[in-house]
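Trainee: return a 3D structure for these sequence lines:
(one chain, ligands or ions: 1)
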Amino acid sequence: MTRKQPFKKPIYVTRPLLPDLDKFNQKLQEIWNSQWLTNNGKQHLELEHKLQQILKIPYLSLFNNGTIALIVGCQSLRLSGEVITTPFTFPGTPHVLTWNNIKPIFCDIDPVTMNIDANKIESMITPQTTAILGVHVYGTPCNVIKIQEIADKYGLKVIYDAAHAFGVEINGVGIGNFGDLSMMSFHATKLFHTAEGGALLFRDHNLKARVELLKNFGIKNEEEVVMPGINGKMNEIQAALGIVLLDYIEQERYQRQQLVETYRRYLKYVTGISLMPEISGVISSYQYFVIRIEQELFGCDRDYVHKQLKEYNVFTRKYFYPLCSDYPHYKYLPSSSSTNLLVANQVAKQVLSLPLYGSLNVDDVERICEMIIEIKG
Ligand code: T4K
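Mentor: A predicted model of the protein is given here:
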């Protein structure tokens, strides 16, 4: 069998959506004319308002990145002590707890959704627990109903890292409406982005004022600083990029959907590969397309496929390996033990995030699938 030809140019796991430069320049001209670059300017207000509508959420507050947004989110709910979370996520998630002087307690994950296993949360609650921090990994929603039931029973807050979940809905309800608040990331690698950026989404009117103070040093007015806030503000150039990109999002989603369908069509019958779950009633963010490779059935392991694909100029990513519970800062926590995290340890060795972005075409994806099948041999 002849080997498939490598791609001429590197194919990355993602590429940022970029607008027509002339359109962005027009926005920049507006900003130049206004001489207003940050601190709740016109672009900021416009983007905030538009996103509220698109994401179907009563309150949304823009930030300079998702991590600062989540740090402020924890502060706004006055979380302390211990927070139960998942080890199968980006480092930002547990680090946010650490920056708030909160101890992360790692709970195992569900073998299908790869999100925090709601059935295992209750056994991890202690008198120090103040909240549950779920992550909608790859945009797949957590078991939001069960998590809320547990939180209500024990008087805990619920906070979601929805970094991957732009535009996700459950039966028509925007994902930000679940829990006390959610964070979205608008990093360049996300479906919708502002180069760097993020937002907090919530329903409680009372939270709005506190979040706004916390993200602007706690400044109430020229003479009063009422709490130790931070600088979490999104600037006008970021916001303008977001506004211009909103016109491109639907096309980008459509293109990604075509690519995801192509991956599914090619890979669903390959022995040893399992695909991300499709959950009825859920609108996807098409943020990532992730496969799981089971070595015994596939014939070689995930690391081998990841390495071999580089030979074809395809740069996949192991989102999320290693587990956060294996980082030096967290590995000595009792909840980090491998016996507590059996599923997470297994999943982290299997996952491979394949290239997914709108400027990729269906032929490219077919070629990537054929390469994976060729590697299997
Ligand atoms: N929670 C979760 C669950 C998250 O996934 C993230 C971020 C956060 C919290 C924190 O939110 P932010 O504070 O970032 O708003 C990337 C992103 O930097 C990170 O935002 C994202 N998650 C994570 C899943 O992916 P890396 O370290 O993999 O990025 P990097 O630089 O290796 O980029 C990946 C690929 O993307 C590159 O191989 C090529 C392409 N790329 C990247 C950039 C930055 C481009 O083509 N152009 C670009 O400008 O973390």
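Trainee: what about the residue of the stretch 51-200 of the chain found nearest the ligand, how many residues nearby?
Mentor: In the stretch 51-200 of the chain, the residue that lies nearest the ligand is Gly66 (2.9 Å; C-beta to the nearest ligand atom). For the C-beta atoms, the positions are set from N, CA and C on the backbone; glycine is no exception. Neighbour count for Gly66, taken as other C-beta atoms under 10 Å: 27.
Trainee: next up, phi/psi of the closest residue in space to Gly281 that isn't next to it in sequence, please.
Mentor: Leaving aside its sequence neighbours, Gly281 sits nearest to Asn171 (C-beta to C-beta, 6 or more residues apart in numbering; 4.5 Å). In terms of degrees, to the nearest 10, the main-chain angles of Asn171 are phi 50, psi 50.
Trainee: wait, isn't Asn171 in contact with Ile279?
Mentor: No - here Asn171 does not reach Ile279: they are 10.5 Å apart, not a contact under C-beta atoms under 8 Å.
Trainee: what's the distance between the nearest residue to Pro58 once chain neighbours are set aside and the ligand?
Mentor: Spatial nearest neighbour of Pro58, chain neighbours left out: Arg203 (5.0 Å); criterion: C-beta to C-beta, 6+ apart. For Arg203, the distance to the ligand equals 21 Å [C-beta to the nearest ligand atom, to the nearest Å].
Trainee: low-confidence ranges, this protein, go.
Mentor: 1-2 (pLDDT under 70).
Trainee: residue boundaries of the helices in it?
Mentor: Ranges of helices in the chain, per DSSP state H, are 21-34, 42-54, 66-76, 92-99, 118-121, 144-154, 205-214, 236-246, 249-267, 295-298, 302-311, 342-350, 362-376.
Trainee: who wins for proximity to Ala195 among the ones you listed?
Mentor: Smallest distance to Ala195 across these (C-beta to C-beta): 6.0 Å, for helix 236-246.
Trainee: by contact count, what packs against the top strand by length along the chain?
Mentor: Secondary structure of the chain per DSSP state E: the longest strand is strand 129-135. If you count contacts as 3 or more C-beta pairs under 8 Å, 6 or more residues apart in numbering; DSSP states H and E, strand 129-135 packs onto strand 82-85, helix 92-99, helix 144-154, strand 157-161.
Trainee: in TSV, list those along with distance to the ligand.
Mentor: Shown next, in TSV, are the helices and strands packed on strand 129-135 (distance: least, C-beta to the nearest ligand atom, whole Å):
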stretch	distance to the ligand
strand 82-85	11
helix 92-99	4
helix 144-154	16
strand 157-161	5
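Trainee: can you lay out these as JSON lines showing mean neighbour count?
Mentor: What follows is the helices and strands packed on strand 129-135, written out as JSON lines (neighbours: other C-beta atoms under 10 Å):
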{"stretch": "strand 82-85", "mean neighbour count": "25"}
{"stretch": "helix 92-99", "mean neighbour count": "21"}
{"stretch": "helix 144-154", "mean neighbour count": "15"}
{"stretch": "strand 157-161", "mean neighbour count": "25"}
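Trainee: nearest to Phe320, of those?
Mentor: helix 92-99 (9.5 Å).
Trainee: how far off helix 66-76 does that closest one point, in degrees?
Mentor: 40 degrees (axes from the mean of the first three to the mean of the last three C-alpha atoms, to 10 degrees).
Trainee: only alpha carbons, please: show helix 92-99 as CSV.
Mentor: What follows is helix 92-99, C-alpha atoms only, in CSV (Å, rounded to 0.1, in the frame of the first residue of the first chain):
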residue,chain,number,x,y,z
GLY,A,92,-6.7,27.2,34.1
THR,A,93,-9.6,25.5,35.8
PRO,A,94,-7.9,24.3,39.1
HIS,A,95,-5.4,27.2,39.0
VAL,A,96,-8.3,29.6,39.3
LEU,A,97,-9.2,27.9,42.6
THR,A,98,-5.6,28.0,43.8
TRP,A,99,-5.5,31.7,43.0
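Trainee: and it, how far out from the chain middle?
Mentor: 14 Å (C-alpha atoms, centre = their mean, to the nearest Å).
Trainee: what do you get for stretch 93-106?
Mentor: The answer for stretch 93-106 is 17 Å, by C-alpha atoms, centre = their mean.
Trainee: many thanks, we can stop here.
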